[in-house]
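Trainee: Kindly generate the corresponding structure for this input.
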Amino acid sequence: MKLAVRNLSYSFGEKRVLRNVELEVDSGEFLGLMGPNGSGKTTLLRCVMNYLRSDPGSILIDGRPIQEMPPEDLAKTFAVVPQSSSTDFTFSAYDIVMMGRIPHRSNRLAGASKKDADAVQSAMERTDTWKFAGRPFFALSGGERQRVVIARAIAQSPKALLLDEPTVYLDINGQLEVMDLIRSLNKKEGITVISVLHDVNMAARYCDRIALLSNGWLEAIGPPAEVLRPETIQSVYGVDVVVRKDPFTNAVYVMPHSTLSTAPRHGGRVHILCGGGVGGPLMKALLDAGFGVSTGVLNVLDSDFENAKDLHVPTVAEMPFAAISDSAHLENLRLIKEADFVVVSPFPVGPGNLKNMEAAKAALEMGKRLLVLRPETGRTVDFVGGKADGIVKDLISSGAIPLCSSDEMVREITREGVRK
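Mentor: As a prediction, this is how the structure comes out:
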């Protein structure tokens, strides 16, 4: 089965909900529909279901306009799994799943055949729901009910599953159970899956492609790693994020920064000498307080280099595992000259990055206000025979301000203000 959406627009009265959406879904694909609330993803799914009547020719199944397909054919093509399901009747779980066989009966008043019964049992066994086939549907937990509804969809023998936020009311265990089941049906049996999802990390983990909507427009479509980029997420959701790759699943995952409004800009710049991951919290604290931030020399692959990249902080890059070169040192001094404050973080000092400590001495000589964050032990992590610890003591005796925490650093810089 191949689904094609061609120049699809849809309105509720005068409110335009979908705008010229174009996409294709191949047989056996798992496509996630994502976007903020009101972006049009559920409306798009309902147009595909033909619950909402779209313009003729805007939705095609194997080249055939969906409006030309009789309900029986549509029911054999699509099975729908809603957000949640309930009933006021005392149907058993078995009864609910048997409803999926209705499209396959020539006479809807006829009883279930052996083929129907076999299909229902098979679907319930595959979803691990056969064990409570006789229990009332309303007495099941949310996760159990959702698995029964998926079993009904399987019993329907569709070519595609259409799901509208199938995990929205489930706990994390239930979410993983349902998504693992859907993914298994997709991969092992070739059932096409189109699902509205809110959880970006769940979508990245399970979907082959993601279609990202915003204000009715299709903003991006492609593999999760191509769609879930920080700049795209910021543009669509208005949230700054870090995107990483999960070492276990190889899927990308998204970590949002705070959604608090940005602090007023102070107009000052703080230059941080850091490395080994100790600089990340300092960069974030200063950015949140409204200061501009830059860093000293960092080796590519150093965790603070990654922190600076994620936070869009200017940094001086050096080759992985290489000692600081003369050119990188000069660039570091240039950034120090442009800064209002220089912070020496408690980073581990070895022969390769000792020049960052020498840059701190140069900052004092330039008349820069220098702050030194001391490690909890009171001694610098020193792999150069005490040279680094000696430099720190000299800096403090020469006028650098010793501090103990990032909060104290922000308060001191804010109190001192920016010299004009």
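
Trainee: nearest spatial neighbour of residue 50, skipping sequence neighbours?
Mentor: Nearest in space to residue 50, with sequence neighbours left out and distances taken as Cβ to Cβ, 6 or more residues apart in numbering, is residue 66 at 5.3 Å. For every residue, glycine as well, the C-beta is placed using N, CA and C.

Trainee: unless I'm mixing things up, that neighbour is touching residue 57, no?
Mentor: No - judged on Cβ atoms under 8 Å, residue 66 makes no contact with residue 57 at a distance of 9.2 Å.

Trainee: residue contacts, residue 195?
Mentor: 30-33, 161-166, 182, 207 (Cβ atoms under 8 Å, 6 or more residues apart in numbering).

Trainee: For the host helix or strand of it, which strands pair with it and how are they oriented?
Mentor: Element membership for residue 195 (DSSP states H and E) is strand 192-196. With DSSP bridges as the test, strand 192-196 is paired with strand 30-34 (parallel), strand 160-164 (parallel).

Trainee: Deepest-packed of the ones you listed, please.
Mentor: strand 30-34 (a mean of 25; mean count of other Cβ atoms under 10 Å).

Trainee: Extract the C-alpha trace of that strand and format it as PDB.
Mentor: C-alpha atoms of strand 30-34 as PDB (Å, rounded to 0.1, in the frame of the first residue of the first chain):
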ATOM      1  CA  PHE A  30       6.600   3.800  10.200                       C
ATOM      2  CA  LEU A  31       5.800   7.600   9.900                       C
ATOM      3  CA  GLY A  32       5.400   9.800  13.000                       C
ATOM      4  CA  LEU A  33       3.300  12.900  12.800                       C
ATOM      5  CA  MET A  34       4.600  15.600  15.200                       C
END
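
Trainee: hmm, who's touching that strand?
Mentor: With contacts defined as Cβ under 8 Å, 6+ apart, strand 30-34 is touched by 25, 41, 44-45, 182-183, 186, 192-198, 200, 203, 206-213.

Trainee: just for the stretch 301-420 of the chain, where's the confidence low?
Mentor: 376-378, 418-420 (pLDDT under 70).

Trainee: about what we covered before: so which of the contacts of strand 30-34 are in strands?
Mentor: In strands, judged by DSSP state E, the following of the contacts of strand 30-34 are found: 25, 192-196, 209-213.

Trainee: Can you tell me which of those residues is closest to residue 84?
Mentor: Residue 84 has its nearest neighbour among the ones in strands among the contacts of strand 30-34 in residue 196, at 13.3 Å by Cβ to Cβ.

Trainee: pretty sure that closest one contacts residue 46?
Mentor: No - taking Cβ under 8 Å as the definition, residue 196 is not a contact partner of residue 46, at 9.8 Å.

Trainee: neighbour count winner among those two?
Mentor: The residue with more neighbours, out of residue 196 and residue 46, is residue 196; 23 against 18, by other Cβ atoms under 10 Å.

Trainee: residues touching the more buried one, list them.
Mentor: Counting by Cβ under 8 Å, 6+ apart, residue 196 has contacts 32-34, 41-42, 45, 163-165.

Trainee: Three-state assignment for the spatially most central residue of the chain, please.
Mentor: Using Cα atoms, centre = their mean, the residue of the chain that lies closest to the mean C-alpha position is residue 254, 3.3 Å off. Following DSSP: H, G, I helix; E, B strand; the rest coil, we place residue 254 in the strand state.
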